[in-house]
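Engineer: turn this into a model:
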Amino acid sequence: MPVSRTIRHLINTLCLCIACTTLQAQPAGDSAIVPFEIHVPDEAIVDLRYRLANARLPAQIPGTGWEYGTNAQYLTELVDYWQHQFDWREQERQLNTLDQYVTTIDGVPIHFIHQRSSNPDATPLMITHGWPGSIAEFRHIIGPLTEPQQHGGNAEDAFHVIAPSLPGFGFSGEPQERGFNPERMAQILAALMQRLGYDQYGLQGGDWGAIINRIHAHQFADRVLGLHSNFVLASPPEDPAIRDDVTEEEMTARGERQAFMADEVGYQQIQGTKPQTLGVALNDSPAGLAAWIVEKFHGWSDIDRQSVNGLDTRFSKDDLLTDISIYWFSASITSSARIYYENRNFPAAEPLGYVEVPTAGAIFPKEIYLTPRRWAEEQYNIVRWTLMPRGGHFAAMEEPELLLDDVRAFFRSL
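Structural biologist: Residues are numbered from 1 along each chain as shown. Next comes the predicted model:
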């Protein structure tokens, strides 16, 4: 159905203000915690379908797959599914079964899930996403974490789960000043846990979430019970004796991942230098946004990358499109990409130091970077190191059972 320019302008405004009523209702210094529910206006869904119906997708060289970027055949199928079969209202309903809130910290409205367990002695656990992730990454593991006895687990392994949307991501507010680097985000998340009344808690995350959690654990070690990471980063030690004290298998795996990632880092350069320019295109075209995000899921997951539809073996289109739709409806792709620019241009005030908090590494073989355990031990208090049999970068979506088992075992040991 054609949509006039005036109506489309109104719809765009509505898209930008899905959560604004709740978010802007709080003064910058307000410490109130306000219940939050996701509700995308009908007009925004109509506009999305209009844009998808009028998407102008590029042709592809015959006989090529994903090597040039997002595969045209796969994207055509995904866009068609998004337009005709994807039910955002159902995904919205599922997300709204989780308890959600918003509060303002450091001048930014912070959206978060706070799902408490029925077990009053459950361990508080903050799980932190990265880019291009969102709270949707965790929606299938929150139930097993909070109520393990309902999912074949033991009640004593229960957690109170806190899953924030990072500043500039999803339904959190967009920072209005420069300098929101991972350190500043870590301090915001520490303040959130304090505001919720948690003096002792665990941390879990991957991607930027793991980087932010590392800073969080280092700067607030007296509060953090344990750090569980499925993305352990550590630079090579200066001491050659330690640097070379790794197995051949570890160095081979690390080298293979480095070679693979050589053609996968273009997005880092763009988002780290000119995120605003890129954001114009991605914020205007849902097909372009989908292509940008699914390319990362394709490249960073443990799938058959030679297959056009290899993603379908690990992720449902509903799960992928729920994550993408959050970026689209919240108009947060540009503000989320700025984390790369802020990290590059605003160094942390406090240098990264040794993480004294007990730390567990869940090492999935197709993670984008692999760190040898001996190197990690120089920078973290490693007490658990699990080499996973399969899986990649998006562990909570790709291999939820493996991740759940490791998180439970680690915190149980503490």
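Engineer: mind checking the backbone torsions on the residue nearest to residue 161 when sequence neighbours are not counted?
Structural biologist: Here the nearest residue to residue 161 in space, its sequence neighbours aside, is residue 115; by C-beta to C-beta, 6 or more residues apart in numbering that works out to 4.7 Å. For every residue, glycine as well, the C-beta is placed using N, CA and C. The phi/psi pair for residue 115 (degrees, to the nearest 10) reads phi -100, psi 110.
Engineer: so for residue 115, what pLDDT did the model give?
Structural biologist: At residue 115, the predicted lDDT confidence score is 98.
Engineer: equivalent analysis for residue 306, please.
Structural biologist: According to the predicted model, the pLDDT of residue 306 comes to 89.
Engineer: hmm, back to that, neighbours around the residue nearest to residue 161, how many?
Structural biologist: Residue 115 is surrounded by 20 other residues when neighbours are defined as other C-beta atoms under 10 Å.
Engineer: contacting residues for residue 61?
Structural biologist: Shown in contact with residue 61 (C-beta atoms under 8 Å, 6 or more residues apart in numbering): residue 68.
Engineer: an error on my part: the question was meant for residue 125.
Structural biologist: Taking C-beta under 8 Å, 6+ apart as the test, what residue 125 contacts is 145, 159, 160, 161, 162, 201, 202, 203, 204, 407, 411.
Engineer: can you lay out those as TSV showing pLDDT and neighbour count?
Structural biologist: Shown next, in TSV, are these (pLDDT from 0 to 100; neighbours: other C-beta atoms under 10 Å):
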residue	pLDDT	neighbour count
145	98	27
159	98	27
160	98	21
161	98	26
162	99	23
201	98	21
202	98	25
203	99	31
204	99	31
407	98	25
411	98	20
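Engineer: tell me which of those residues fall in helices.
Structural biologist: Assignment to helices by DSSP state H places the following of the contacts of residue 125 there: 145, 407, 411.
Engineer: now residue 335: how far from residue 170?
Structural biologist: In this structure, residue 335 and residue 170 are 10 Å apart, going by C-beta to C-beta, to the nearest Å.
Engineer: ditto for residue 412
Structural biologist: The span separating residue 412 from residue 170 equals 31 Å under the rule C-beta to C-beta.
Engineer: these two: which has the busier surroundings?
Structural biologist: For residue 412 and residue 170, the more surrounded residue by other C-beta under 10 Å is residue 170, and the numbers stand at 23 against 11.
Engineer: now that one: phi and psi?
Structural biologist: Dihedral angles of residue 170 (phi, psi; degrees, to the nearest 10) stand at phi 50, psi -130.
Engineer: who's in contact with it?
Structural biologist: Contacts of residue 170 (C-beta under 8 Å, 6+ apart): 111, 134, 135, 326, 327, 330, 332, 336.
Engineer: can you list the residues you listed in CSV and add pLDDT and secondary structure?
Structural biologist: Listed next are these as CSV, based on pLDDT from 0 to 100; DSSP: H, G, I helix; E, B strand; the rest coil:
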residue, pLDDT, secondary structure
111, 98, strand
134, 98, coil
135, 98, helix
326, 98, helix
327, 98, helix
330, 98, helix
332, 98, coil
336, 98, helix
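Engineer: mind checking which of those residues are buried?
Structural biologist: Buried subset of the contacts of residue 170 (neighbour count, 16 or more other C-beta atoms under 10 Å): 111, 134, 135, 326, 327, 330, 332, 336.
Engineer: just the closest of these to residue 294, please.
Structural biologist: Minimum separation from residue 294 among the buried ones among the contacts of residue 170 (C-beta to C-beta) is found for residue 327, which lies at 11.7 Å.
Engineer: how much space separates the closest one from residue 257?
Structural biologist: The spacing between residue 327 and residue 257, counted by C-beta to C-beta, is 26 Å.
Engineer: circling back to that earlier point, so the residue nearest to residue 161 versus residue 57, what's the distance?
Structural biologist: Computed with C-beta to C-beta, the distance linking residue 115 and residue 57 is 39 Å.
Engineer: again, but for residue 45
Structural biologist: Remark: distance between residue 45 and residue 57 (C-beta to C-beta) = 21 Å.
Engineer: do the same with residue 73
Structural biologist: For residue 73, the distance to residue 57 equals 10 Å [C-beta to C-beta].
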